[in-house]
Every structure is written in structure tokens, then in C-alpha cells.
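Undergrad: Show me the folded form of this:
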Amino acid sequence: MNILVPTDFSKLSLVAIEYAISMANRINGSVTLLHVMDNFVKPTRASMQEEAKAISREASVLARQRFEPIVAEAEKLSKTGNPIVVKIRKGRSFSNTVRLFAKRNQIELIVMGTKGASGLSKYVLGSNTVSVMDASRIPVLAVPSRARFNNFKNIIYAADLKYLESEIGVLKPYLKLLDATLHVLHVCDKTKSEEELQNKVKSILKQVDYRKSTVMIKSGKPIDRVIDSYVKELKADMVAMFTHKRTAYENLFHRSVTKKMAFQSHVPLLAFKNK
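TA: Now for the predicted structure:
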């Protein structure tokens, strides 16, 4: 697996780098570190253009210098024999630059750090991690600052059941690679038959032929808290979710459950963008 870690040299991005390398060690993957520099608007005056180029060159040299101790530490942690690749790119949009780089370089997973949050901040806090989740068709693993790599024995897939069969099909290669048990969790309202929903999920799991799996139907609100509670109960190693398109109104006033979960502070969240 080719793993990409965008880094701004912050402590949070260092957590993501360490996690990605530990993961690569487990699956014999390769790790690329990407730093995105601001691509300022080109000045119209010739004298200022030269000054802007000089500033850009200086920033690039500084970025490479800051990479040196990070790469040295990363190479100590790496046990795969694969080199740690370092790339610097310029772009006006961080998320779009990461998205294009990942697409053009056959990246299979993007790993990024995220700060845990609670209360109102969980709903309104923005982050580069969430912006990349919005932009990228390649899955994003959001790693909380407190998370430490523990293999992936138990993965909770929080499903709304709308596209269950196709989503498990997308998850299946990752589950096989990680040799993980899949725990399908659906949070429903109390009016629905939990037994009927459980039978439906079991039937689909049988069709997609992934036998290392369990099914849990729970009711309660808000959904992200129910998921969080089950993560603690199961001592899960990861949560997997799919984002879905929302209306402009919903985008303006609410965050999807997937984005809320990106800020929970217990285990990494593997987010897929539903096509």
C-alpha cells in the first residue's frame, strides 16, 4: 500500500507520520511525506516577481531543512526497507493540492492527524483533515493526537445501510490486507425492528463473503455518541465510515456524522467518499 502523509511540521502531523510508518511496517507499505507551500498570486511588476521567486526558493530550502530531522527519525522507525519519500508542492488550495498529488502518484491511503474536540467545537471546528476528506476520492485515515498504533484486529464500520453491499465491497480489500474483524454497527431509531435490520446486514455479509464479521444494531441519539460508546465498549482499533452528499443547507448548518467522528479522540477514523 502506498501511504501519503501531508505534513506542516506540526506535532500533530508528526503523530500521523509515526502512525503511518507503524502501519507500513505491519503491511509492508511505502510512505511519502508531502509538504504543501502557499502558491502566492504572481505579482504584475517585474521587480516584485523576482522578489517573489526569491522568497519562494528560500521557503523551499527551509522546508527541506525542516524535513531532515523528521526523515532521519522516520527512517529509524521504518522496518520495511522502503525509502521514505519527501515531496514539496505549491498550491493555493491545500486540499486540492493533496488530492491531485495523491491521484497522480497512485496513493492508496492518506494519513493525517486531527485534534480531539468536544461540545460545540466538534460541530463547527474546521481542519485540513476534514477538507481533504471532502476533496479526495482516496480514503483518509484521521489519526487523533492520542492514538497509538495497535494493529487492526477490530474495525467498526458505522453504516447507514443505504449502500451497504457496495461499501463493504470497497472496504473488503483493506480488511483482507489488515486481517481485521469487521464489526458492522447501525444506529437506528426505536421504531425499527432491530432483528429485521440485523438479518438484513447478515444476509449482505454472506453475499460479499467476508466471514470475519459481526453485526450490532443500536438505537439512540446523537449518532456520533452511540458510535463513540461502542468504540469504547469493543476497544476497537479503528472506525470506518463513508461520507455522503449533503444539501447546501445541511452543509452550511451541520457537519456529517463522519466529520464529527473525525474529532473524537480515541481511535483513528478511516473515511471513504461515497461515489
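Undergrad: The nearest residue to Val170 once chain neighbours are set aside sits in which helix or strand?
TA: The shortest distance from Val170 to any non-neighbouring residue, by C-beta to C-beta, 6 or more residues apart in numbering, is to Phe272 (6.0 Å). Placement of C-beta: from N, CA and C, glycine included. Here Phe272, judged by DSSP states H and E, is contained in strand 269-273.
Undergrad: coming back round to it: does the residue nearest to Val170 really touch Phe242, like I thought?
TA: Yes - look at Phe272 against Phe242 with C-beta atoms under 8 Å: they come within range, at 4.8 Å.
Undergrad: who has more neighbours, those two?
TA: Phe242 (24 against 20; other C-beta atoms under 10 Å).
Undergrad: ok but that one is inside a strand, no?
TA: Yes - counting by DSSP: H, G, I helix; E, B strand; the rest coil, Phe242 is found in a strand.
Undergrad: hang on, it packs against Leu164?
TA: No - using C-beta under 8 Å, Phe242 makes no contact with Leu164, being 9.9 Å away.
Undergrad: Next, the contact list for Ile204, please.
TA: 164-165, 168 (C-beta atoms under 8 Å, 6 or more residues apart in numbering).
Undergrad: Now do stretch 129-138: everything it contacts.
TA: 6, 94-96, 98-99, 102-103, 107-110, 112-114, 140, 142, 243, 258-259, 262, 271, 273, 275.
Undergrad: anything in contact with each of Phe272 and Phe242?
TA: With C-beta under 8 Å, 6+ apart as the test, Phe272 and Phe242 both reach 167, 170.
Undergrad: picking that back up, just give me the closest of the contacts of Ile204 to Asn39.
TA: Ile168 (39.5 Å; C-beta to C-beta).
Undergrad: Tell me how far that closest one lies from Glu196.
TA: From Ile168 across to Glu196, the span is 19 Å (C-beta to C-beta, to the nearest Å).
Undergrad: Please say which of the two ends up with more neighbours.
TA: Shown here are Ile168 and Glu196; by other C-beta under 10 Å, Ile168 has more neighbours (23 against 10).
Undergrad: Mind giving me the packing neighbours of the helix or strand encompassing the more buried one?
TA: Secondary structure assignment for Ile168, by DSSP H and E: helix 164-178. Counting contacts by 3 or more C-beta pairs under 8 Å, 6 or more residues apart in numbering; DSSP states H and E, helix 164-178 is packed against helix 11-27, strand 154-158, strand 181-188, helix 194-208, strand 238-243, strand 269-273.
Undergrad: What mean pLDDT does stretch 229-246 get?
TA: The average pLDDT for stretch 229-246 rounds to 85.
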